[in-house]
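**Student:** with the sequence up front, the predicted model follows.
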Amino acid sequence: MNRNTKHYDYQYYLCKSCGYKVAIEEVHNRFIPKILNRVKELISTVPIVPKTLAAINEMSIQVKQSVESKQKIIKILEGKLNTARDLEDRELELKILEFIQHHNESLKDFANCQENLRRIHQLVESDQFFPRFDEILNHQLGLDEVRLIILYFVECLIVSTEQQPQLLFKSNIFSDLNISPIG
């Protein structure tokens, strides 16, 4: 086989700020056992349930505020729509309808988010949420699952030629799910 026609499939984790690449296998082989142990520690501690419920409640409040904000915007836009119709300005009317549609789509997204938060809250309360992590961790994980676990539980991995690699865990796995009140 010709070397020029052979395809090598290399996968890396890439530092966004400096462009440094680390082979995915190296990271997984070296750090996944530590990460999985950390996840097991987290899901087995008693305080995790009230902390999780508090985080879900906080996100629910933020979503509710976002919904209220969107509803106010839609009400204002509907008033402007009536004005555009009174002025018989079809172009303005169409643009306002476009904005209203956009905000209504956001309301649908927020409704889905509220439903997901409600379901997760119920699962956490009924002690069905964290045992699922345990089930997942007891099975052979594929590359996608490993990457998701890293995404949810690892803040960053510091790799340097001057020191040993450092693995920093997230203090709150919900921290990346910030929901803006503006939406």
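**Tutor:** Cool, the structure landed. Just so we're clear, the structure is a prediction, and the values are computed from it rather than from any experiment.

**Student:** report the rounded mean pLDDT for the biggest helix by length in the chain.
**Tutor:** Criterion DSSP state H: the longest helix present in the chain is helix 48-86. On average, the pLDDT along helix 48-86 is 93.

**Student:** stretch 140-156 too?
**Tutor:** Rounded mean pLDDT across stretch 140-156 is 79.

**Student:** mind listing what's buried in it?
**Tutor:** In terms of neighbour count (16 or more other C-beta atoms under 10 Å), stretch 140-156 has its buried residues at 141, 146-147, 149-150, 153-154. To be clear about C-beta, it is placed using only N, CA and C from the backbone, and glycine gets the same treatment.

**Student:** still on that earlier bit, what's the longest helix of the chain packed up against?
**Tutor:** helix 90-125 (3 or more C-beta pairs under 8 Å, 6 or more residues apart in numbering; DSSP states H and E).

**Student:** quick check: closest non-adjacent residue to residue 67.
**Tutor:** residue 110 (5.0 Å; C-beta to C-beta, 6 or more residues apart in numbering).

**Student:** report how many residues lie close to that neighbour.
**Tutor:** If you count neighbours by other C-beta atoms under 10 Å, residue 110 ends up with 20.

**Student:** which residues touch it?
**Tutor:** By C-beta atoms under 8 Å, 6 or more residues apart in numbering, the contact set of residue 110 is 63, 66-67, 70, 183.

**Student:** of those, which is the nearest to residue 172?
**Tutor:** residue 63 (17.1 Å; C-beta to C-beta).

**Student:** test my guess that the closest one contacts residue 111.
**Tutor:** No: contact criterion C-beta atoms under 8 Å: residue 63 and residue 111 do not qualify, at 9.0 Å.

**Student:** these two: which has the busier surroundings?
**Tutor:** residue 63 (21 against 12).

**Student:** how near is residue 20 to residue 164?
**Tutor:** 16 Å (C-beta to C-beta, to the nearest Å).

**Student:** quick one, which of these two is more surrounded?
**Tutor:** A count of neighbours by other C-beta under 10 Å puts residue 20 above the other of residue 20 and residue 164, at 12 against 7.

**Student:** just give the nearest non-adjacent residue to that one, would you?
**Tutor:** For residue 20, the spatially nearest residue (C-beta to C-beta, 6+ apart) is residue 159, at 6.9 Å.

**Student:** ok and the helix or strand harbouring residue 29 relative to helix 48-86, angle-wise?
**Tutor:** Using DSSP states H and E, residue 29 falls within helix 24-44. With axes from the mean of the first three to the mean of the last three C-alpha atoms, to 10 degrees defining the directions, helix 24-44 sits at 100 degrees from helix 48-86.
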